[in-house]
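Turn this into a model:
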Amino acid sequence: MTRATLDKQPHEVASMFDDVAANYDLTNDVLSLGQDRRWRKEVAKAVDARPAQRILDLAAGTGTSSLPFTATGAYVVPCDFSLGMLREGKRRHPWLPLTAGDATRLPFADGVFDAVTISFGLRNVQDTGQALRELYRVTKPGGRVVICEFSHPTWAPFRTVYEEYLMRALPPVARAVSSNPDAYVYLAESIQSWPDQPGLARQLQQAGWSQVAWRNLSGGIVALHRGTRPL
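Below is the predicted model of the structure:
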């Protein structure tokens, strides 16, 4: 079993997700106490996919996150660099155009997507700034980005309780439900080391995105950032 480290070597991260692909969606549901379903509904509302639009769903894993977009009539490309995740996704959703791709070198032409989105994947990319620039490159002028990522609770007492859960309660729960519990120790560490909400907003702006804003979900456990590529 593979456990990535915080330097986020791409082959280690990809291998780690290969190991957990079969039970990944179920494990997330258990560890988030079912909140991940609510978070993904908020992502779908923020992306606001329309019929015939092209949507890039980056770090899509098994493609589960792409299903709300396909339901609107949009053309969705689920993209991930874990071949294990993609194989599991193809088994479950054979009609989806699952695509292998690295967030820092996306295999798409310039300006082809009306919206790009990534949920719970950006913090696993080795070069966040490069990934944000690549998302910008493949988005049409006037198009939008939506990022859903773990963040930092805004109320200090709750933040303390949450961090205790991450480092003490999460590993034993992961051992009970995951095929690679060590992967979830990395995930907890990566959440703690991730920039706060204003920090990620600054990185979006530095990559060229305008009208950058965010909204906290579940008290800041998760933040929903969004931006627009200028016309």
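
Can you report how many residues lie near Gly199?
Residues contacting Gly199 under the criterion other C-beta atoms under 10 Å number 11. All C-beta atoms are positioned from the backbone trio N, CA, C, and that covers glycine.

Tell me which residue lies farthest from the centre of this structure.
Using C-alpha atoms, centre = their mean, the residue of the chain lying farthest from its centre is Pro157. It sits 26.5 Å away.

Now do the helix or strand hosting it, average pLDDT.
Assigned by DSSP states H and E, Pro157 belongs to helix 156-164. Averaged across helix 156-164, pLDDT comes to 80.

tell me which residues of that helix are tucked away?
Tyr162 (16 or more other C-beta atoms under 10 Å).

One more: stretch 138-155?
For stretch 138-155, the neighbour count (16+ other C-beta under 10 Å) marks 138-140, 143-153 as buried.

just checking, next helix/strand downstream of the helix or strand of the chain with the lowest mean pLDDT?
Sorting the helices and strands of the chain by mean pLDDT, DSSP states H and E puts helix 24-31 at the bottom, at a mean of 57. Next helix or strand after helix 24-31 toward the C-terminus (DSSP H and E): helix 35-47.

Which elements pack onto the helix or strand just after that next one?
Next helix or strand after helix 35-47 toward the C-terminus (DSSP H and E): strand 54-58. On a contact count with 3 or more C-beta pairs under 8 Å, 6 or more residues apart in numbering; DSSP states H and E, strand 54-58 meets strand 75-80, strand 113-119.

what would those look like in CSV with mean neighbour count?
Listed next are the helices and strands packed on strand 54-58 as CSV, based on neighbours: other C-beta atoms under 10 Å:
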stretch, mean neighbour count
strand 75-80, 24
strand 113-119, 25
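
out of the ones you listed, which comes closest to Asp48?
strand 113-119 (7.7 Å; C-beta to C-beta).

could you give the mean pLDDT of the helix or strand just after that closest one?
The helix or strand immediately downstream of strand 113-119 is helix 128-137, counting by DSSP H and E. Across helix 128-137, pLDDT averages out at 98.

pull the CA atoms of the longest strand along the chain into PDB?
The residue-count maximum for a strand in the chain (DSSP state E) belongs to strand 139-150. Extracted C-alpha coordinates of strand 139-150, given in PDB (Å, rounded to 0.1, in the frame of the first residue of the first chain):
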ATOM      1  CA  THR A 139     -11.400  27.900 -20.000                       C
ATOM      2  CA  LYS A 140     -13.100  30.100 -22.500                       C
ATOM      3  CA  PRO A 141     -13.000  33.900 -21.900                       C
ATOM      4  CA  GLY A 142     -16.000  34.600 -19.700                       C
ATOM      5  CA  GLY A 143     -15.900  31.000 -18.400                       C
ATOM      6  CA  ARG A 144     -15.800  30.100 -14.700                       C
ATOM      7  CA  VAL A 145     -13.900  28.000 -12.200                       C
ATOM      8  CA  VAL A 146     -15.300  26.400  -9.100                       C
ATOM      9  CA  ILE A 147     -13.000  24.800  -6.500                       C
ATOM     10  CA  CYS A 148     -14.300  22.800  -3.600                       C
ATOM     11  CA  GLU A 149     -11.600  22.000  -1.100                       C
ATOM     12  CA  PHE A 150     -11.100  21.300   2.500                       C
END
